[in-house]
Structure formats: structure tokens, C-alpha cells
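Participant: Make a model of this:
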Amino acid sequence: MKIDNDLLKKLEKLSSLEIDSDKRDGMIAQLSEIVEFIENLNELDLDKEEATFTTVSGGTPMREDIPSVNSKTIKTILEHAPKSEDGSFVVPKIIE
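Facilitator: Numbering: from 1, shown residues only. Sure thing, here's the model as predicted:
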């Protein structure tokens, strides 16, 4: 895939970004290097490899879910909240 000015314009539109005219050549060069690197992956022989993997079969270590309460941290956070009451944030109602 060749990165040219037309493709860069399409990428700008898709990403809602604007690249300065003095940086366009550098950006095209960088994107070309990235695409060239990714195209190297096509040379790998992956016919014998599984398409997906999972960590569940390997066993995720389980632990008890024990909450830790640090009242000093809670107090500090609530001091910076616009409104708080009984150790909780007070927010405006958004669903009627």
C-alpha cells in the first residue's frame, strides 16, 4: 500500500485531524514505514497456529474480593466534591 497525499487527506477527514502543510511529507514517510513494517507480517507462516487464544484455559488466579476502606482518602475526595452527603457524592437527577 502506498501512502500518498490523497490517502493522507482521507485519513485526515476520517480522524478529524488537520496536518500542517510543512509536516505532510514527514507524516507520509512515517506512515509508509509503519505500513511497510506491518506488511512484513504477511511473510509469517501461520497456517499451523490457532487464530485465537484465551487466558481462561490457563487458569486465572482467583482471590477473595475484599473491599478496603480508607476513611482518610474518602474524606479527602469528598472535600473536593461540589456536593456530598453522608459519605457519598450528590449529583443532579438525570433520569425522570
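
Participant: mind listing the strands in the protein by residue range?
Facilitator: For the chain, the strands defined by DSSP state E cover 84-85, 88-89.

Participant: Quick check: D47 vs K83, distance?
Facilitator: Between D47 and K83 the computed distance is 61 Å (Cβ to Cβ, to the nearest Å). The way it works is simple: take the backbone N, C-alpha and C, and place the C-beta from them, glycine included.

Participant: who has more neighbours, those two?
Facilitator: K83 (10 against 5; other Cβ atoms under 10 Å).

Participant: May I ask you to confirm that that one is in contact with P92?
Facilitator: No: the criterion here is Cβ atoms under 8 Å, and K83 misses it with P92 at 9.1 Å.

Participant: quick one, longest helix in the chain?
Facilitator: In the chain, assigned by DSSP state H, the helix with the most residues is helix 24-39.

Participant: what's it in contact with?
Facilitator: M1, K2, I3, D4, N5, L8, L11, I19 (Cβ atoms under 8 Å, 6 or more residues apart in numbering).

Participant: And the pLDDT for the most far-flung residue of the chain relative to its centre?
Facilitator: Ranking residues of the chain by C-alpha distance from their mean position (Cα atoms, centre = their mean) puts D86 at the top, at 35.2 Å. On pLDDT, D86 comes in at 89.

Participant: just K2 next, same as before
Facilitator: Turning to K2, the model gives it a pLDDT of 88.

Participant: so how many other residues sit close to it?
Facilitator: Neighbourhood size, K2 [other Cβ under 10 Å]: 8.

Participant: where in this structure is pLDDT low?
Facilitator: Within the chain, the segments meeting pLDDT under 70 span 53-59.
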